[in-house]
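Undergrad: sequence-free structure coming up:
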């Protein structure tokens, strides 16, 4: 089983928690952001030293609130790759609609090749209209709970993302390519070049080493699309039984499209939020502020829909779970090293996990705590697992 680390990459917040400021009232200066960037590099270096397989950040923009302050995971990957030798490095996720697909393909190939094949291509559709609309000149958004045009925005976002992924696949998979679609005409007609006309393009560089592509699986349409493309599916923030159903359906759909069954855990990745302390009570006390800040930040975007509500039915889009609900539904593993190892082992037994990525740092956590959690998980929790 490969075990990685995923961090939001935010600033330190001494007042995180249910009683702290409203997220939109938070604002941090550039020194706090720079401190976070430097600390994130140190966390990546530590992750390699501790034996983790992979290290993931996010792509987010314009977040004066300080929750996720790395706008370019690929650029960060280049810095981290230069300071490590073994660690695989990815982004959860490069928001495809915010990139020109050829720039995304080029930049990934450059990082992947110069790192000796350690890049992981993570792709997603995004979550925040405030980020996507400015970066697409107001043309594209993304559906979210607080977006009144969510249905139409979601449809157009899916259409753009699918076409951009088609472009990336063509560009990295062929020596020369041309693409004609609704949103991209590559190359555009009529480009003069040395007395002729450009009719095909060649991506330079293309990936020299094999690579994996992973996409978030959070909705029914994405659950169908990701296995059709043959990508790996990333599962996060889902109640345990719903997780298992989606996990198994992904495998069935992959077999339907590709004519072979997946092995246990193949092409599927579980992200699990974790917190370790000397006792369960201490771990709950220590992680509660970060858990509650997590949901204050993400609840308005509809991220709680993977939970069950108090009535046992799927939770509505604006659902804000308690820490006890997060632990009870299997989304957070919190407790002593034995408790957390048991929670991970249960998923390993149920899902046949091959890829596990742990989320050990909550919004606002000081980086001293982040490093402590990285260390305790690696030295106290993982040795307890049955890991053939």
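TA: Yes, it's here. Nothing here was measured: the structure is a model prediction, and the numbers come from that model.
Undergrad: can we go C-alpha only for contacts and neighbour counts from here?
TA: Noted.
Undergrad: where exactly do the helices run in the stretch 101-250 of the chain?
TA: 101-114, 129-135, 150-173, 220-229, 240-258 (DSSP state H, counting those that start in this stretch).
Undergrad: return the most buried member of these.
TA: Across those, averaging neighbours per residue (mean count of other CA atoms under 10 Å) puts helix 101-114 on top, at a mean of 20.
Undergrad: show me what that helix is packed up against.
TA: Counting contacts by 3 or more CA pairs under 8 Å, 6 or more residues apart in numbering; DSSP states H and E, helix 101-114 packs against helix 73-82, strand 119-124, helix 150-173.
Undergrad: so residue 278 sits against residue 339, correct?
TA: No. Judged on CA atoms under 8 Å, residue 278 makes no contact with residue 339 at a distance of 10.2 Å.
Undergrad: the more surrounded of these two?
TA: Using other CA atoms under 10 Å, the more surrounded residue of residue 278 and residue 339 is residue 339, with 18 against 11.
Undergrad: contact partners for residue 189?
TA: With CA atoms under 8 Å, 6 or more residues apart in numbering as the criterion, the residues that contact residue 189 are 198-199.
Undergrad: typo on my end, it should be residue 211
TA: 117, 119-121.
Undergrad: and which of those is nearest residue 41?
TA: Within the contacts of residue 211, the smallest distance to residue 41 is 15.9 Å, found for residue 119 (CA to CA).
Undergrad: phi, psi of the most centrally placed residue in the chain?
TA: In the chain, the residue lying closest to the centroid (CA atoms, centre = their mean) is residue 92, at 2.3 Å. With angles defined as degrees, to the nearest 10, residue 92 sits at phi -110, psi 80.
Undergrad: ok, the residue nearest to it when sequence neighbours are not counted - how many residues close by?
TA: Of all residues not flanking residue 92 in the chain, residue 58 sits nearest, at 4.9 Å (CA to CA, 6 or more residues apart in numbering). Neighbour count of residue 58, defined by other CA under 10 Å: 23.
Undergrad: name the helices or strands packed onto the strand or helix carrying residue 373?
TA: Assigned by DSSP states H and E, residue 373 belongs to helix 367-376. Using 3+ CA pairs under 8 Å, 6+ apart, the elements in contact with helix 367-376 are helix 30-49, strand 268-276.
Undergrad: buried stuff in it?
TA: 367, 370-371, 373-376 (16 or more other CA atoms under 10 Å).
Undergrad: run the angle between it and strand 268-276 for me.
TA: 110 degrees (axes from the mean of the first three to the mean of the last three CA atoms, to 10 degrees).
Undergrad: mean confidence (pLDDT) on helix 367-376, please.
TA: Averaged over helix 367-376, pLDDT sits at 98.
Undergrad: same question, stretch 254-273
TA: Mean pLDDT, stretch 254-273: 97.
Undergrad: check stretch 29-47 too.
TA: Mean predicted lDDT for stretch 29-47 stands at 98.
Undergrad: contacts for that stretch?
TA: Outside stretch 29-47, the residues that touch it by CA under 8 Å, 6+ apart are 5, 9-12, 54-55, 66, 69-70, 79-80, 83-84, 87, 367, 370-371, 374.
Undergrad: redo the contacts of residue 211 as TSV? Include neighbour count and distance to residue 16.
TA: Conversion of the contacts of residue 211 to TSV gives the following (neighbours: other CA atoms under 10 Å; distance: CA to CA, whole Å):
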residue	neighbour count	distance to residue 16
117	19	38
119	30	33
120	24	31
121	23	32
